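Peer 1: Here is my input, please return the structure:
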Amino acid sequence: MLNYTNVVFANDLRLFTRQAMSEFTRDYQVMLSVSLLPNNQQRPRCVIDPALALSPSGLLLYKNLGEAMELWVVRELWYILDNINLYLQRPELVVPGINASEKTLSEKRTSLEETLWSLKEWERVRGATDLSRLNLFWLGDNLRESLLPKDREPEIFSDWEFLARSLDNQIDRIPTNDVLTLAFRDAVALAASLGSAFILTYQLPSDYEKNLPPDICKTLETWNIPCTYLTENDPVVILEREYLRELITNTGLAQPFWADIHIVILHLVVPSGLPRTELKNNLITNQFSSQETQYIEPENNFWANIETFWYQL
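Peer 2: Model (predicted):
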């Protein structure tokens, strides 16, 4: 079987021959039968994009998907909710694409109203609900403030911390005060740390109409991380899409497929031969250097070897 540490996608699909692609598809089907079928103990691991979490459907997804998936919350979402009074006054800070020139004033107003409603709902539910009952997991500022599955080793926290820090180097080269950029960083680093996890995100209606990628993919591309669209005719997409649709609808969540919410699955491809320990050693060394800004040479940069793939659910 082809050896990949993440959900089995090719390191570079464009270079595959037809024979290799056939082998890849066969191996992926075997992996799905092991890790995704309901009669297996391991549930699919899912990280919900914070932009989707703050959409009108976000809270509904969190309340239900934990029944069928190992569902992860990114730390930046908790930061947003901890400072909810700020974002209730300035919801535009957490609205994807709010400053897009092609958006009409009416569309911007609708986006702001929906985000305000969602923030208020999150505030209400967070204050009245034991979130651990929702089968949610997260990484906080330290292990004591994190909630991990029983079978998850605590090393995931250091893995995630190192990967998030390495992405900060990418972000620093494109100065931004965008809160969602930091949230995307957390989501991508978390998915990479978890291994066989995907990110659940969505397309804005305007992006869906033009077949443009979700905002998280647009951000990844500014970090020089390729984000490739997979059509519904891709044999692996057909297989996984059918399974995930059935899984989601079985939790009572048919609504997103009927409403104008264009849900997207985003996979990270993490090559098995990537020297993650080398990345850690570089970051540890730089902590004690005299330089104010840490920098990792391109050949040692974890993210220079990552590709991502997305498709519409």
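
Peer 1: Going by C-alpha atoms from here, please, whenever you check contacts or count neighbours.
Peer 2: Will do.

Peer 1: Test my guess that residue 304 contacts residue 225.
Peer 2: Yes - counting by CA atoms under 8 Å, residue 225 is a contact partner of residue 304 at 7.0 Å.

Peer 1: Give me the more crowded residue out of these two.
Peer 2: Set side by side, residue 304 and residue 225 show more neighbours around residue 225, with 18 against 13, by other CA atoms under 10 Å.

Peer 1: got the contact list for that one?
Peer 2: Counting by CA atoms under 8 Å, 6 or more residues apart in numbering, residue 225 touches 303-304, 306-308.

Peer 1: remind me which residues of the stretch 151-300 of the chain are low pLDDT?
Peer 2: Across the stretch 151-300 of the chain, the ranges flagged by pLDDT under 70 are 172-177, 255-260, 272-300.

Peer 1: Could I get the full set of strands for the chain?
Peer 2: Taking DSSP state E, the strands of the chain run over residues 45-48, 70-73, 136-138, 197-203, 227-229, 262-269, 307-312.

Peer 1: Just put these in TSV and tack on mean neighbour count and distance to residue 159.
Peer 2: Converted to TSV, the strands of the chain look like this (neighbours: other CA atoms under 10 Å; distance: least, CA to CA, whole Å):
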stretch	mean neighbour count	distance to residue 159
strand 45-48	23	16
strand 70-73	23	15
strand 136-138	19	14
strand 197-203	24	14
strand 227-229	18	23
strand 262-269	22	16
strand 307-312	20	19
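
Peer 1: okay, those strands in JSON lines with distance to residue 114 next?
Peer 2: As requested, those are exported to JSON lines (distance: least, CA to CA, whole Å):
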{"stretch": "strand 45-48", "distance to residue 114": "18"}
{"stretch": "strand 70-73", "distance to residue 114": "20"}
{"stretch": "strand 136-138", "distance to residue 114": "24"}
{"stretch": "strand 197-203", "distance to residue 114": "15"}
{"stretch": "strand 227-229", "distance to residue 114": "28"}
{"stretch": "strand 262-269", "distance to residue 114": "16"}
{"stretch": "strand 307-312", "distance to residue 114": "22"}
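
Peer 1: so which of those gets nearest residue 163?
Peer 2: Closest approach to residue 163 among these (CA to CA): strand 262-269, 13.3 Å.

Peer 1: so what secondary structure elements neighbour the closest one?
Peer 2: Strand 262-269 is packed against strand 197-203, strand 307-312, with contacts defined by 3 or more CA pairs under 8 Å, 6 or more residues apart in numbering; DSSP states H and E.

Peer 1: could you dump those to TSV with distance to residue 230?
Peer 2: Listed next are these as TSV, based on distance: least, CA to CA, whole Å:
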stretch	distance to residue 230
strand 197-203	14
strand 307-312	5
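
Peer 1: Can you check which of those gets nearest to residue 140?
Peer 2: strand 197-203 (18.5 Å).

Peer 1: Tell me the strands beside the closest one, with direction?
Peer 2: strand 45-48 (parallel), strand 262-269 (antiparallel) (DSSP bridges).

Peer 1: quick one on the thing from earlier: what about the strands of the chain, which gets the closest to residue 61?
Peer 2: strand 45-48 (8.9 Å).

Peer 1: so where do the helices sit in the stretch 1-150 of the chain?
Peer 2: Counting by DSSP state H, counting those that start in this stretch, the stretch 1-150 of the chain has helices at residues 18-35, 50-53, 58-65, 75-82, 84-89, 105-128.

Peer 1: hang on, I meant the stretch 151-300 of the chain
Peer 2: Ranges of helices within the stretch 151-300 of the chain are 155-172, 179-194, 205-209, 215-222, 235-250, 255-258, 276-287, based on DSSP H, counting those that start in this stretch.

Peer 1: Any idea how many residues pack against residue 234?
Peer 2: 11.

Peer 1: Sorry, wrong one. I was asking about residue 145.
Peer 2: Applying other CA under 10 Å, we find 10 other residues in the vicinity of residue 145.

Peer 1: contacting residues for it?
Peer 2: Here residue 145 is in contact with residue 139 (criterion: CA under 8 Å, 6+ apart).

Peer 1: and the gap between it and residue 204?
Peer 2: Counting by CA to CA, to the nearest Å, the gap from residue 145 to residue 204 is 33 Å.

Peer 1: Check residue 303 too.
Peer 2: 26 Å.

Peer 1: same thing with residue 223?
Peer 2: 21 Å.

Peer 1: likewise residue 309?
Peer 2: From residue 309 to residue 204 the distance is 18 Å (CA to CA).

Peer 1: And for residue 47?
Peer 2: 19 Å.
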